[in-house]
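Chemist: below are the sequence and a predicted model; questions follow.
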Amino acid sequence: MIQIAILGLGTVGTGVAKVVAENAKQIERKLGEPLQVKTVLVRHFKDGPYRQLMTDDFTKVEEDDAIRVVVETIGGVGAAYEYTRRALLAGKHVVTANKQLVAERGCELLELARKKGVSYLFEASVGGGIPILHPLTQCMAANRIDEVYGILNGTTNYILTRMVRSGAFFSDALREAQAKGYAEADPTADVEGIDAGRKICILADLAFGHQVDPAAVPMEGITKLSLRDVKVAQRAGYRIKLLGRAVRLPGGGRTAYVAPHLIPEDNPLASVEDVFNAVMVRGNATGDVMFYGKGAGELPTASACVADVMECLQSSPRREEIGWSADGEGFQSPQELHTRYYFRIEGSLTDAAMAFGQVEVLSEDGETAFLTDRISGLEARQQSRFLNVLACMRVLA
């Protein structure tokens, strides 16, 4: 009997316990022996099917030699960091879905795991049930990864889908997402791009092999997005999506950011709707490879956690280390990237042409919406400084 512990019994923690119980036969077949949840760490005891497993004392997990893997589902970087560190020091494997902890302290925790001869795995931290980190680090290991980008947050994608399909304003679509349980009561991390930002940091760390500090990554959400821009883009054959992007720059530098983009409707990402996520990885040998599925939710995320638990237990000898250098040298501002830009200005086509030269006009009715040629972010900012800009977004080309 293999025994594990779960830290936290929220959505993901409960899902892990369910997956272990409901898929017990399949898991036992693959591991060669049964897998059992022995202990669940909680702050407050409550009645339910897991009441007999609960404790509020972490030492009962830390000092129990029978517990081989700890699944951390607490979230944040306070208690979650401390318990993860102590579990690794005690020689236990740790699996997590905690994107904030991995983005901010993952390099340190991976190094600690390496020194203690155990694994620290976090497939569920990006894309929920979508397998992306394992393919990125192993299946595409023969590639130089030049870019990773995608729809990394289901809440914002649902809101944007409702704005396109029904013409809902942002505030109404957000209330609908909250009513359906897709958005938290405080949706800030989702709608301001913070959640997607943490995920793109993890993807960039693994893709490029160097630490990306989340504090250095510009994160723009969808709170300022106007329904007018959604409609203009749609009429012109584009969809607006919130993307996280990590790009290898000419000369060896790299950058990452989160922001709304106009995406051509023939791009596969344009048809990713509702709470679904999609990640595109561009390798120099494979070209573009897309991963698609539900990016959150109790069972999809729990499935990825339990798969990591099984990988920890099956790795003998353990697989080659995953990780990245703590050196953040070479990170540059996304303003260095060259792309087309979408602008909506209070003014005429003449005003747009005077600032940017030749432009592609999308709408003219007192306000002018247009696309520029490929320019850098610095050029976009400098050339628009004398215009009354109502909206500005990159175009994914």
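Modeler: Looks like it arrived, so ask away. Numbering: from 1, shown residues only.
Chemist: CA only for contacts and neighbour counts going forward, please
Modeler: OK.
Chemist: and residue 172, that's in a strand?
Modeler: No. Looking at residue 172 with DSSP: H, G, I helix; E, B strand; the rest coil, it is helix, so not inside a strand.
Chemist: how much space is there between it and residue 179?
Modeler: Between residue 172 and residue 179 the distance is 11 Å, computed by C-alpha to C-alpha, to the nearest Å.
Chemist: one more: residue 188?
Modeler: Counting by C-alpha to C-alpha, the gap from residue 188 to residue 179 is 16 Å.
Chemist: so residue 66 sits against residue 3, correct?
Modeler: Yes. With contact defined as C-alpha atoms under 8 Å, residue 66 reaches residue 3; the gap is 6.3 Å.
Chemist: these two touch, right, residue 333 and residue 248?
Modeler: No. Look at residue 333 against residue 248 with C-alpha under 8 Å: they stay out of range, at 11.7 Å.
Chemist: list residues touching both of these two?
Modeler: residue 255 (C-alpha atoms under 8 Å, 6 or more residues apart in numbering).
Chemist: who's more crowded, these two?
Modeler: residue 248 (21 against 17; other C-alpha atoms under 10 Å).
Chemist: strands of the stretch 201-350 of the chain, start to end?
Modeler: 238-248, 254-264, 276-283, 287-294, 338-346 (DSSP state E, counting those that start in this stretch).
Chemist: go through stretch 256-265 and flag the buried ones.
Modeler: When burial is assessed from 16 or more other C-alpha atoms under 10 Å, stretch 256-265 yields the following buried residues: 256, 257, 258, 259, 260, 261, 262, 263, 264, 265.
Chemist: contacts for that stretch?
Modeler: Under C-alpha under 8 Å, 6+ apart, the answer for stretch 256-265 is 193, 196-197, 200-201, 204, 217-222, 233, 237-247, 269-271, 333-334, 342, 393-397.
Chemist: drop anything exposed from the residues you listed.
Modeler: Judged by 16+ other C-alpha under 10 Å, buried ones among the contacts of stretch 256-265: 193, 196-197, 200-201, 204, 217-222, 233, 238-247, 269-270, 333-334, 342, 393-396.
Chemist: now residue 395: closest residue in space, sequence neighbours ignored.
Modeler: residue 262 (4.6 Å; C-alpha to C-alpha, 6 or more residues apart in numbering).
Chemist: that should have said residue 236, apologies.
Modeler: Closest to residue 236 by C-alpha to C-alpha, 6+ apart is residue 362, at 6.4 Å.
Chemist: residue contacts, that neighbour?
Modeler: Contacts of residue 362 by C-alpha under 8 Å, 6+ apart are 232, 233, 236, 368, 369, 370, 371.
Chemist: now the strand or helix carrying it against strand 338-346, angle please.
Modeler: Remark: residue 362 resides in strand 360-364, with elements defined by DSSP states H and E. Relative orientation of strand 360-364 versus strand 338-346 (axes from the mean of the first three to the mean of the last three C-alpha atoms, to 10 degrees): 20 degrees.
Chemist: next, the buried residues of the helix or strand that strand 360-364 is followed by.
Modeler: Using DSSP H and E, the helix or strand that follows strand 360-364 in sequence is strand 367-371. Burial within strand 367-371, assessed by neighbour count using 16+ other C-alpha under 10 Å, is assigned to 368, 369, 370, 371.
Chemist: wait, which of these is closest to residue 289?
Modeler: Using C-alpha to C-alpha, residue 371 comes nearest to residue 289 of these, at 27.5 Å.
Chemist: pLDDT at that closest one, what is it?
Modeler: Residue 371 is assigned a pLDDT of 98 by the prediction.
Chemist: center of this protein, which residue is that?
Modeler: residue 199 (3.0 Å; C-alpha atoms, centre = their mean).
Chemist: any idea how far the closest residue to it other than its chain neighbours lies from residue 381?
Modeler: With C-alpha to C-alpha, 6+ apart as the criterion, residue 199 has its nearest non-adjacent residue at 5.5 Å, and that residue is residue 126. Using C-alpha to C-alpha, residue 126 is found at 32 Å from residue 381.
Chemist: the two: which has the busier surroundings?
Modeler: More neighbours surround residue 126 than the other of residue 126 and residue 381, with 31 against 12 (other C-alpha under 10 Å).
Chemist: how far away is that one from residue 393?
Modeler: 25 Å.
Chemist: ok, residue 291 touching residue 280?
Modeler: Yes. Between residue 291 and residue 280 there is a contact under C-alpha under 8 Å: 6.4 Å.
Chemist: higher neighbour count, those two?
Modeler: More crowded of residue 291 and residue 280, by other C-alpha under 10 Å: residue 280, with 20 against 15.
Chemist: give the closest residue to that one in space, chain neighbours not counted.
Modeler: residue 290 (4.4 Å).
Chemist: can you show me the helices along the chain?
Modeler: 11-22, 24-31, 59-62, 79-89, 99-116, 133-134, 154-166, 170-179, 188-191, 194-208, 227-235, 298-314, 349-356, 377-383 (DSSP state H).
Chemist: buried ones in the third one?
Modeler: Of the residues in helix 59-62, those with enough neighbours to count as buried (16+ other C-alpha under 10 Å) are 61, 62.
Chemist: just the buried residues of strand 367-371 now: which is nearest residue 114?
Modeler: So of the buried residues of strand 367-371, ranked by how close each gets to residue 114 (C-alpha to C-alpha), first place is residue 371, at 49.0 Å.
Chemist: tell me what that closest one is bridged to.
Modeler: residue 342, residue 360 (DSSP bridges).
Chemist: and it, how far from residue 356?
Modeler: In terms of C-alpha to C-alpha, residue 371 sits 10 Å off from residue 356.
Chemist: no further questions, thank you.
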